[in-house]
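Engineer: sharing a sequence plus its predicted fold:
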Amino acid sequence: MSSNAAAGRGSTARSGRARSSVLEQWTTRFESPMTTYYLLLGIVSLLVGIGLVMVLSASMIVSLKENDSSFTIFLKQFVFAVVGALVLLWAARRSVSFWKRVALPAMLASIALLALVFSPLGFGFQGNRNWIGLGPVSIQPSEIAKIGLVLFGALLLERKRELIGSIKHALIPFVLPGAAALIGLVMLGHDLGTAMVICGIVVGMLFAAGVHLRWFVLGGGLMVLLGALAANIGTSRMERIAIWLDPQQCAPGSDLYFDICRQPLHGRYALADGGWIGVGLGASREKWGWLSEPYNDFIFAIIGEELGLLGTLAILALFAGFALAGLRLVTRTEDLFVRVVTAGICTWVLVQAIINIGAVIGMLPVIGVPLPFVSSGGSSLVTSMLAVGILLSFARSEPGCSEMMAAKPSRARALLARFPSRRTSTR
């Protein structure tokens, strides 16, 4: 009995040491200078990959009806994903000093492009005038403006590091006239959703720069007041808010049931039908003309219907991982420019995701912004991947990251090394 007990204690001790060694290995890996880089790259790759699959599934019926092919919308999104990947890889190879140099030109270009929306090149879509047509290509300048604002604002806040305690220096010229000009041009096009995201970016950047918290309380009250005034500009916008505040207006048989209530109601029907594990990939019923924009603003509803609660939780977990990677990058850098740009980009992605998902599940009124990396839309996808490329370039600048990546042998080179070259084999 004693020998058996001793053997049992020995095996338990060995298993305990094995578990602790595995935990230490994972802890060591997480503390590696390359963790932020690969965490960002992996999360964004998963989101874009899931987005392509779900765009294909959600758009097949609409695409077949409008284009006589079930794959037209998906193929366009796939091309945008390839372009976005190339842009991401290009941006990831740039230096921090490069992004500082292009900050001012990017901001000026953003203002110019937003102004072009009101020229003969601009056109509207679903009540918002926020597009530019350049031949067969359509561009949404407000997406590009987010990049320009983040870089420009971070450069200004870095240069005013010693004066950031003064609210005047924190606001001028970053908020006034910089961000205010962008928000004003966006609101002239009646795009309240994008204006809200830009306001979120400004708040996130000022917070990361070290502005005192009391100013956010005052600013929050002012933003609520301006938001209420902006909501009253359009009748459809007020109707969306009204049915969100009073869902009884959308009861079956009401005048609004098949009108403005259709989108939010069928989004929730899709989530309810999905249950825990979903009805199966490609088996959505709401995409058969019941749910408007199934592959764009309401793609999260199709994810919930086809992949269930587990699928939606996976999407939420990926965005939480993105936030964790951004927080890790912010806390590991001493460069204020890097810190503020990272905060701005992470705020952009997360606020936009919250607005989109909140509208689908009924926590927010339907505002009309895409789900980052997942929804169909070329301008949104390419600029979001460009933003991630900027974050990857910052992650590469972490102490020790570039050296480890240079020292780590490429798998492609290692695979090619197994096969002798033609010159070597002929000797």
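Structural biologist: Sure thing, it's come through. Numbers count the residues shown, from 1 in each chain.

Engineer: can you identify each of the helices in the stretch 201-350 of the chain by residue range?
Structural biologist: Per DSSP state H, counting those that start in this stretch, the stretch 201-350 of the chain carries helices over the ranges 213-231, 235-245, 262-274, 299-331, 336-361.

Engineer: winner for burial among the ones you listed?
Structural biologist: Stretch with highest mean neighbour count among the helices of the stretch 201-350 of the chain: helix 336-361 (a mean of 23; mean count of other C-beta atoms under 10 Å). C-beta here means a position set from N, CA and C on the backbone, and glycine is covered the same way.

Engineer: tell me the angle of that one relative to helix 299-331?
Structural biologist: Counting by axes from the mean of the first three to the mean of the last three C-alpha atoms, to 10 degrees, helix 336-361 lies at 160 degrees to helix 299-331.

Engineer: what helices and strands are in contact with helix 336-361?
Structural biologist: The helices and strands touching helix 336-361, judged by 3 or more C-beta pairs under 8 Å, 6 or more residues apart in numbering; DSSP states H and E, are helix 96-101, helix 141-159, helix 192-209, helix 262-274, helix 299-331, helix 378-396.

Engineer: again, only using 7 Å
Structural biologist: On a contact count with 3 or more C-beta pairs under 7 Å, 6 or more residues apart in numbering; DSSP states H and E, helix 336-361 meets helix 96-101, helix 141-159, helix 192-209, helix 299-331, helix 378-396.

Engineer: just send the helices of the stretch 201-350 of the chain back as a markdown table, with distance to Ile73 and mean pLDDT too.
Structural biologist: What follows is these, written out as a markdown table (distance: least, C-beta to C-beta, whole Å; pLDDT from 0 to 100):
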| stretch | distance to Ile73 | mean pLDDT |
| --- | --- | --- |
| helix 213-231 | 31 | 70 |
| helix 235-245 | 25 | 70 |
| helix 262-274 | 18 | 88 |
| helix 299-331 | 12 | 95 |
| helix 336-361 | 18 | 95 |
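
Engineer: in CSV: these, plus distance to Leu56.
Structural biologist: As requested, those are exported to CSV (distance: least, C-beta to C-beta, whole Å):
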stretch, distance to Leu56
helix 213-231, 35
helix 235-245, 29
helix 262-274, 17
helix 299-331, 11
helix 336-361, 19
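
Engineer: so which of those is nearest Val83?
Structural biologist: Nearest of those to Val83, taken as C-beta to C-beta: helix 336-361 at 18.7 Å.

Engineer: including distance to Ala242, could the helices and strands packed on helix 336-361 go into JSON lines?
Structural biologist: Formatted as JSON lines, the helices and strands packed on helix 336-361 follow (distance: least, C-beta to C-beta, whole Å):
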{"stretch": "helix 96-101", "distance to Ala242": "43"}
{"stretch": "helix 141-159", "distance to Ala242": "26"}
{"stretch": "helix 192-209", "distance to Ala242": "15"}
{"stretch": "helix 299-331", "distance to Ala242": "21"}
{"stretch": "helix 378-396", "distance to Ala242": "28"}
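
Engineer: ok, which of those comes nearest Ala85?
Structural biologist: With C-beta to C-beta as the criterion, Ala85 lies closest to helix 378-396 of the helices and strands packed on helix 336-361, at 6.8 Å.

Engineer: the closest one: which residues count as buried?
Structural biologist: Within helix 378-396, the residues that qualify as buried are 378-396, counting by 16 or more other C-beta atoms under 10 Å.

Engineer: out of the helices and strands packed on helix 336-361, flag the one nearest Val82.
Structural biologist: Nearest to Val82, of all these, is helix 378-396, at 10.0 Å by C-beta to C-beta.

Engineer: helices of the stretch 51-200 of the chain, start to end?
Structural biologist: Applying DSSP H, counting those that start in this stretch to the stretch 51-200 of the chain gives helices spanning 72-92, 96-101, 103-116, 141-159, 167-171, 180-188, 192-209.

Engineer: highest mean neighbour count out of these?
Structural biologist: Mean neighbour count (mean count of other C-beta under 10 Å) peaks for helix 141-159 among the helices of the stretch 51-200 of the chain, with a mean of 24.

Engineer: could you give the angle of it to helix 103-116?
Structural biologist: Orientation check (the same axes, to 10 degrees): helix 141-159 against helix 103-116 gives 150 degrees.

Engineer: coming back round to it: lowest average pLDDT across the helices of the stretch 51-200 of the chain?
Structural biologist: Ranked by mean pLDDT, the helices of the stretch 51-200 of the chain bottom out at helix 167-171, with a mean of 79.

Engineer: what's in contact with that one?
Structural biologist: Under the contact criterion C-beta atoms under 7 Å, 6 or more residues apart in numbering, helix 167-171 has outside partners Lys160, Leu163, Ile164, Leu206, Val211, Trp215.

Engineer: so which of those comes closest to Leu324?
Structural biologist: Using C-beta to C-beta, these come closest to Leu324 at Leu206, 21.9 Å.

Engineer: ok, the closest one to Ile345 distance?
Structural biologist: To Ile345, Leu206 is 15 Å away according to C-beta to C-beta, to the nearest Å.

Engineer: same question for Trp288.
Structural biologist: Here the criterion is C-beta to C-beta. By it, Trp288 lies 37 Å from Ile345.

Engineer: show me the one of the helices and strands packed on helix 336-361 that comes nearest Val366.
Structural biologist: Of all the helices and strands packed on helix 336-361, it is helix 192-209 that lies closest to Val366, at 9.4 Å by C-beta to C-beta.

Engineer: which elements pack onto the closest one?
Structural biologist: Judged by 3+ C-beta pairs under 7 Å, 6+ apart, helix 192-209 is in contact with helix 141-159, helix 180-188, helix 213-231, helix 336-361.

Engineer: again, only this time at 6 Å
Structural biologist: Packing partners of helix 192-209 (3 or more C-beta pairs under 6 Å, 6 or more residues apart in numbering; DSSP states H and E): helix 141-159, helix 180-188, helix 336-361.

Engineer: how far off helix 235-245 does that helix point, in degrees?
Structural biologist: Taking the same axes, to 10 degrees, one finds helix 192-209 and helix 235-245 inclined to each other by 70 degrees.
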